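Asks: Kindly generate the corresponding structure for this input.
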Amino acid sequence: HAALLRQAFAPTQPSLISISIKMASAIRASMSVAAPRAAVRANAKATAAAKPVAPVAVKNASVIAARSAFKGISLTAARKATAPAVRTNTVCSVATENRIVPHGGELVNLMAPADSQAALIASCTKTVELSDRNACDVELLAVGGFSPLKGFCTEEEYLSVVENMSLPDGTVFGLPIVMDTSDESIAVGDKLLLEYKGEKIAIMEVTEKYLPNKPLEAKKCYGTSSLEHPGVQMISMERGKHYLAGPVTGLALPTRDFPCKTPAEVRAMLPAENVDVVAFQCRNPVHRAHYELFTRALDADNVGEGGVVLVHPTCGPTQDDDISGVVRYKTYEVLKEEVDNPLIQWAYLPYSMHMAGPREAIQHMIIRKNYGCTHFIIGRDMAGSKSCLDGEDFYGAYDAQDLAKLHAPELGMQTVPSLNVVYTKEEGYVTADVAAEMKLTVEKLSGTKFRKMLRAGDDIPEWFAFKSVVKVLRENI
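Replies: Numbers count the residues shown, from 1 in each chain. From the prediction side, this is the model:
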């Protein structure tokens, strides 16, 4: 199946994403992503005897029993109380020296020693003020978040990533990393002092200045050239006329309200032994359903014993109607204190969202691999976007999962599809299929209604949102 799909995704064919959308059902069928639940349960029963540990279904049953025995405790607490002593022990095969190998084989570090910075700054010919988006890209280049890149993409690299979703040497890469400008005076050979909000952040040596093919970039990377897509609006209306290529040398990290650990620092804080690290990406405050989703990910069959979750939200620019990164950061900090869960690690990512759906899912996997993660949770319509005119989705609900599954072996990572968890009056949070089987009463609260209740000062159900998070949101929006 992989060979046929790669042939279908060749550069001479229509865009990767458009094919992905058309073939989504076929891919899921071929890879057993969306097999009928009845068949899945039947197969699970047939193979359960051969497994050394209880499957997730048995864990769910034990949790429900625990909640019956201990009225009043949360589902998460019940799950901890009934956690099996033995779980599937799957150690990522590409992990070496207790940590997964960075993308491309080496964790890039472009930061200049302090004693050489004065001379580097003196050699600069021009000064450029970075946008919020460019500042995020410069920081991730400098600290190795975009490994193996050591600078902004050359025209060859740009076209290769746009058309093939890979660097010229074949290394998978989701989206091109570019420095845009409308300054006609910048020329090849210039050394640019890159500043952000008054701070000297990095130096860039301009080796190329080229006109990007923005219609092709939009069609290939975002699956559409329509200005109804926020990412297409960004590259068409926000970015400058030219793209600049060249190596980057870091001087300092931007001063932010939300401190962002480098990949090396995150790797150092993760468990020392060979354990699975499951990354959870989000760009919104974490509510109860999210928490259940990423804590239950540790029970997935392909996550080994002793695994941990890295909650790694993006705190850079997102969509215009999203909550600001600073406010999101405050909600994460209070939640971290409230749950105080040793199985959850927290870090923040200075990344600018593109809302590029499947392509961005690949980008997120690469970044989290560089930060030391072995697994990645793929949500429904991850990094998806809707038309600003009619509200129609640009991507299918499973397009990101399909593309991530297809390329996971090349990335040396494993995917963990997000569970569809729902809140029930009788048993708290359970998966939707369990709720249907047990004929439980499902409670629902839409995001729109939640925001209205928040603004009106109405009480927010605790099953939907954490009190600490609600308090921060009310104080800041």
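Asks: what's the host helix or strand of Arg328 packed up against?
Replies: Here Arg328, judged by DSSP states H and E, is contained in helix 325-339. In terms of contacts (3 or more C-beta pairs under 8 Å, 6 or more residues apart in numbering; DSSP states H and E), helix 325-339 is packed against strand 344-346, helix 467-476. Placement of C-beta: from N, CA and C, glycine included.
Asks: contacting residues around the shortest one?
Replies: What that stands for is strand 344-346. Identification of contacts with strand 344-346 by C-beta atoms under 8 Å, 6 or more residues apart in numbering yields 266, 269-270, 277, 294-295, 308-312, 332, 336.
Asks: now the last one
Replies: The set of residues external to helix 467-476 that reach it, using C-beta under 8 Å, 6+ apart, is 285-287, 323, 327, 330-331, 334-335, 337-338, 454, 457, 460.
Asks: and the closest residue to Val275 other than its chain neighbours, what does it touch?
Replies: Spatial nearest neighbour of Val275, chain neighbours left out: Gly306 (4.6 Å); criterion: C-beta to C-beta, 6 or more residues apart in numbering. When contacts are counted by C-beta under 8 Å, 6+ apart, Gly306 touches 271, 273, 275-276.
Asks: Out of the residues you listed, who's the most crowded?
Replies: Of all those, Asp276 has the most neighbours under the rule other C-beta atoms under 10 Å, reaching 28 neighbours.
Asks: before we move on, the earlier item: so which bits of the helix holding Arg328 are buried?
Replies: Neighbour counts over helix 325-339 (16 or more other C-beta atoms under 10 Å) mark 325, 327-332, 334-336, 339 as buried.
Asks: do stretch 260-269 as well
Replies: 260-263, 266-267.
Asks: Which residue ranges of the stretch 301-450 of the chain form strands?
Replies: When assigned using DSSP state E, counting those that start in this stretch, the strands of the stretch 301-450 of the chain occupy the ranges 308-311, 344-346, 375-378, 414-417, 421-424, 428-431, 442-443.
Asks: Let's test this: name the helix or strand in the chain with the lowest mean pLDDT.
Replies: Least confident helix or strand of the chain, by mean pLDDT, DSSP states H and E, is helix 37-48 with a mean of 33.
Asks: thinking again about what came up before, point out the most buried one among the strands of the stretch 301-450 of the chain.
Replies: Neighbour counts (mean count of other C-beta atoms under 10 Å) averaged over each of the strands of the stretch 301-450 of the chain peak at strand 375-378, with a mean of 26.
Asks: Run a quick check on Thr181 versus Ala245, I expect a contact.
Replies: No: between Thr181 and Ala245 there is no contact under C-beta atoms under 8 Å: 11.4 Å.
Asks: Comparing those two, which residue is more hemmed in?
Replies: Per other C-beta under 10 Å, whichever of Thr181 and Ala245 has more neighbours is Ala245, with 22 against 18.
Asks: Return the backbone torsion pair for the more buried one.
Replies: The phi/psi pair for Ala245 (degrees, to the nearest 10) reads phi -120, psi 150.
Asks: Give me the distance between Ile477 and Val470.
Replies: 11 Å (C-beta to C-beta, to the nearest Å).
Asks: which neighbours do the two share?
Replies: Leu454.
Asks: and those two? which has more neighbours close in?
Replies: Legend: neighbour count by other C-beta under 10 Å for Ile477 and Val470, higher for Val470 (21 against 11).
Asks: Lowest-confidence entry in the contacts of Gly306?
Replies: Across the contacts of Gly306, the smallest pLDDT goes to Glu273, namely 71.
Asks: Model confidence score at the residue nearest to Val275, please.
Replies: Per the predicted model, pLDDT is 90 at Gly306.
Asks: let's have the chain start at 10 instead
Replies: Sure, I'll start counting at 10 from here, so that last one is Gly315.
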